[in-house]
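Asks: Here is a sequence with its predicted model. Questions after.
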Amino acid sequence: LAYESLGSASDIQNCRFDNFRLDYYPAQPTGKYSIIPRRAMEKVLSVCREYVRGFSLRSESLLLCGGTGLGKTHLSLAIAHEVIRAGFGVVYTTSPNLLDKLQNQQFSRTQTADEDWQALALDCDLLIIDDLGAEFSTSFTVAALYNLINSRMIGGRPTIISTNLDETVLRERYGDRVLSRLLCTYHPLQFYGEDIRMLKRLETHN
């Protein structure tokens, strides 16, 4: 059921570890620090594979950082697929979708038991929040995000968050309390390279 739910809202059918293509990442040094994207992404892929092999309710949380189209969603869904296969309950959602549902739940007068998104997000074995920063930011969304991150941290339940935002923007958007928890309790995985969606689009036009 979790798999079917994920599939209806995402591209999980096409996102696996075995079709994550490293050849899209440059093999030559790039950027200010002469990082070799392909080598860096080989390490990221290795960490994600190892993560699902040893997954438990006490696994660490992951923070996937990097620009648009670098494979963060692909690897998040690949992790979700493998963790579900291992028998755990996974909730995958985008940040705008989750925070919108939480806000509607908070102010709705017609809430039913099967619409308790707060409980679902807090109690699932693994919560994956994709595209943090794409939501419309309000005092409610910041407070709701802090509550999720802090409650799951206290409860020892793993969370995976992906974002295009750097540390400076995260602090401006969510404040020091959220940033401190992300930086100090999550294992960071930095994504490098060029926008793969654009590269694939160029392939289809050539």
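Replies: That came through fine.
Asks: Who are the contact partners of Thr93?
Replies: Listed by CB atoms under 8 Å, 6 or more residues apart in numbering, the contact partners of Thr93 are Ala9, Ala121, Ile128, Ile129, Asp130. Just so you know, the C-beta spots here come from the backbone N, C-alpha and C atoms, and that holds for glycine as well.
Asks: Separate out the buried members of those.
Replies: Among those, those classed as buried by 16 or more other CB atoms under 10 Å are Ala121, Ile128, Ile129, Asp130.
Asks: Going by neighbour count, list what's buried in the biggest helix by length in the chain.
Replies: Longest helix in the chain, counting residues (DSSP state H): helix 167-185. Neighbour counts over helix 167-185 (16+ other CB under 10 Å) mark Leu170, Arg171, Arg173, Tyr174, Val178, Leu179, Arg181, Leu182 as buried.
Asks: would you turn those residues into TSV with distance to Asn147?
Replies: Shown next, in TSV, are the buried residues of helix 167-185 (distance: CB to CB, whole Å):
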residue	distance to Asn147
Leu170	17
Arg171	18
Arg173	16
Tyr174	12
Val178	10
Leu179	15
Arg181	11
Leu182	14
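Asks: Which two of those have the greatest separation?
Replies: Among the buried residues of helix 167-185, the pair separated by the greatest distance (CB to CB) is Arg173 and Arg181, at 14.0 Å.
Asks: just to revisit the earlier point, as a markdown table, the contacts of Thr93 with secondary structure and pLDDT would be great.
Replies: Putting these into a markdown table (DSSP: H, G, I helix; E, B strand; the rest coil; pLDDT from 0 to 100) gives the following:
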| residue | secondary structure | pLDDT |
| --- | --- | --- |
| Ala9 | helix | 59 |
| Ala121 | helix | 90 |
| Ile128 | strand | 95 |
| Ile129 | strand | 95 |
| Asp130 | strand | 94 |
